[in-house]
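J.: just coords:
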């Protein structure tokens, strides 16, 4: 990995994001298996709290055309090359899974955000799922 390891988290109950900086201030640590976070109480480990409702999302090592960091779970707008049929603009969720095939709705970060692609972060899957709806 040639970029900084950063994680943000979506709290599914509170319906809000925690930045890496906020998690550090709140002493939230990602569990090694990615199953949640632990709030480590420095005075007494028995008072530490395990939080499963927080979903970790990794920084993918790139910024969008406006210099905004791109994280797993973001929704980006980018131009998709359709070969001889031309190209079209499409909203896509950023994931790390690599899917193959011709279904453009399965667009993923690794396949389509290579050199020459200029995505723009327009939302995320938690707060703006409507951005992925087919029109």
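T.: Here it is on my side, so go on. For clarity, every value in this text was computed on a predicted model and none was experimentally measured.
J.: Helix or strand next in line after the worst-scoring helix or strand of the chain on mean pLDDT, which one?
T.: Every helix and strand of the chain was ranked by mean pLDDT, DSSP states H and E. The lowest is helix 109-112, at a mean of 48. Per DSSP states H and E, helix 109-112 leads on to strand 120-124 as the next helix or strand towards the C-terminus.
J.: ranges for the strands of this structure?
T.: 7-11, 16-18, 28-30, 37-39, 49-51, 54-63, 69-71, 74-81, 87-93, 120-124 (DSSP state E).
J.: Adding distance to residue 133 and mean pLDDT, write these out as CSV.
T.: The way it works is simple: take the backbone N, C-alpha and C, and place the C-beta from them, glycine included. Formatted as CSV, the strands of the chain follow (distance: least, Cβ to Cβ, whole Å; pLDDT from 0 to 100):
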stretch, distance to residue 133, mean pLDDT
strand 7-11, 20, 92
strand 16-18, 22, 94
strand 28-30, 31, 84
strand 37-39, 31, 86
strand 49-51, 30, 86
strand 54-63, 21, 86
strand 69-71, 21, 90
strand 74-81, 11, 79
strand 87-93, 9, 77
strand 120-124, 12, 94
